[in-house]
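Peer 1: Fold the following and give me the result.
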Amino acid sequence: MPRFSANLGFLWPDLSLPEAIRAAHAAGFDAVECHWPFETAIEEVQAALADTGLKMLGLNTRRGDISAGDNGLAAQPGREPEARAAIDEAIAYAAQIDCAAVHVMAGFGRSAEHRAAFLDNLSYACARARPHNITILIEPLNRHDAPDYFLHTTDQAAAIIREVAADNLALMFDCYHVGRSEGDVITRARALQNHIGHIQFAGVPARGVPDQGELNYAAIFAALDGMGWQRPLGAEYKPGAARTQDTLGWMKTLTG
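Peer 2: Numbering: from 1, shown residues only. Below you'll find the model as predicted:
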């Protein structure tokens, strides 16, 4: 039986992060995760997690200068000081809220220099995260939503994980991104299961509720159960104009 984590980067967007944590608990989620919590006081997040008993599974490094088009810094040659400052910030925040993982965002560009910068910064991130028992995650983004994003396939991510060879580096397997770029989600998950550190999902292609769109999440959830996956799956979908609490019927219909 799958368990679920609410990604509060998209769910309950009208609430503050602490209020969203409490809303996720009331809705029956088993854990939470977020995108960029850095403007929220750590003490407020700690209190919400303590009140609900939920675990924060992950957060992201900052994207950089969004107005200039940044979408991550770790694969940006010549910007290592910025990338490492973002890594340090994310790990420090995660450690204080007992967060399990940090997603290190790569950014755009696909040259050999971008790859070398990414490898170096991931090695740095893994070394910094290890004393806190934090996993570093990397996530391929699909070519439709993020053209020219450095990390764009699961095979590429797996090769990087093998090359960095850190025991706390893993793949963020997002069924939505895999479904849009590669397809064959169940087969890819089975082939990559030894590299996967976290799994997320949303409807394809609109990134809406998971019981709408091209992917059969009842089958995917059952397959993940069959693989022995026991950790909460991250619901990272956009509720659109609907209230988040009015979009949660899938939690029953896709798991019965």
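
Peer 1: is residue 4 in a bridge, and if so with what?
Peer 2: Residue 4 forms beta bridges with residue 233, as assigned by DSSP bridges.

Peer 1: tell me the contacts of it?
Peer 2: 29-31, 232-235, 251 (Cβ atoms under 8 Å, 6 or more residues apart in numbering). Just so you know, the C-beta spots here come from the backbone N, C-alpha and C atoms, and that holds for glycine as well.

Peer 1: redo that, cut-off 6 Å
Peer 2: Shown in contact with residue 4 (Cβ atoms under 6 Å, 6 or more residues apart in numbering): 29-30, 232-233, 235.

Peer 1: Please apply the same query to residue 104.
Peer 2: Contact partners of residue 104, counting by Cβ under 6 Å, 6+ apart, are 61, 74, 125, 136.

Peer 1: any idea which of those residues is the one closest to residue 185?
Peer 2: residue 136 (23.3 Å; Cβ to Cβ).

Peer 1: hang on, that closest one in a strand?
Peer 2: Yes. Read with DSSP: H, G, I helix; E, B strand; the rest coil, residue 136 is one of the residues of a strand.

Peer 1: all helices of this protein, in order?
Peer 2: Under the criterion DSSP state H, the chain contains helices at 17-27, 42-52, 80-96, 112-129, 154-164, 175-181, 185-192, 217-226, 250-253.

Peer 1: Dump these to CSV, plus mean neighbour count.
Peer 2: CSV is the format used below for those (neighbours: other Cβ atoms under 10 Å):
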stretch, mean neighbour count
helix 17-27, 20
helix 42-52, 16
helix 80-96, 19
helix 112-129, 19
helix 154-164, 17
helix 175-181, 23
helix 185-192, 17
helix 217-226, 18
helix 250-253, 14
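
Peer 1: got CSV for those helices, with distance to residue 11 and mean pLDDT too?
Peer 2: CSV is the format used below for these (distance: least, Cβ to Cβ, whole Å; pLDDT from 0 to 100):
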stretch, distance to residue 11, mean pLDDT
helix 17-27, 7, 98
helix 42-52, 14, 98
helix 80-96, 20, 98
helix 112-129, 26, 98
helix 154-164, 25, 98
helix 175-181, 14, 97
helix 185-192, 21, 98
helix 217-226, 16, 97
helix 250-253, 12, 95
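
Peer 1: closest one to residue 201 among these?
Peer 2: Closest among these, once you apply Cβ to Cβ, is helix 175-181, at 4.2 Å.

Peer 1: now that closest one, how far from the centre of its chain.
Peer 2: A distance of 13 Å separates the centroid of the chain from that of helix 175-181, by Cα atoms, centre = their mean, to the nearest Å.

Peer 1: so what does that helix touch, helix or strand wise?
Peer 2: Counting contacts by 3 or more Cβ pairs under 6 Å, 6 or more residues apart in numbering; DSSP states H and E, helix 175-181 is packed against helix 185-192.

Peer 1: tell me the angle the helix it packs on makes with helix 217-226.
Peer 2: Relative orientation of helix 185-192 and helix 217-226, computed by axes from the mean of the first three to the mean of the last three Cα atoms, to 10 degrees: 20 degrees.

Peer 1: How far does helix 185-192 sit from its chain's centre?
Peer 2: For helix 185-192 - counting by Cα atoms, centre = their mean - the centre lies 17 Å from the chain centre.

Peer 1: so what secondary structure elements neighbour that helix?
Peer 2: Counting contacts by 3+ Cβ pairs under 6 Å, 6+ apart, helix 185-192 is packed against helix 154-164, helix 175-181, helix 217-226.

Peer 1: now the angle from it to helix 154-164?
Peer 2: If you take the same axes, to 10 degrees, helix 185-192 sits at 10 degrees to helix 154-164.
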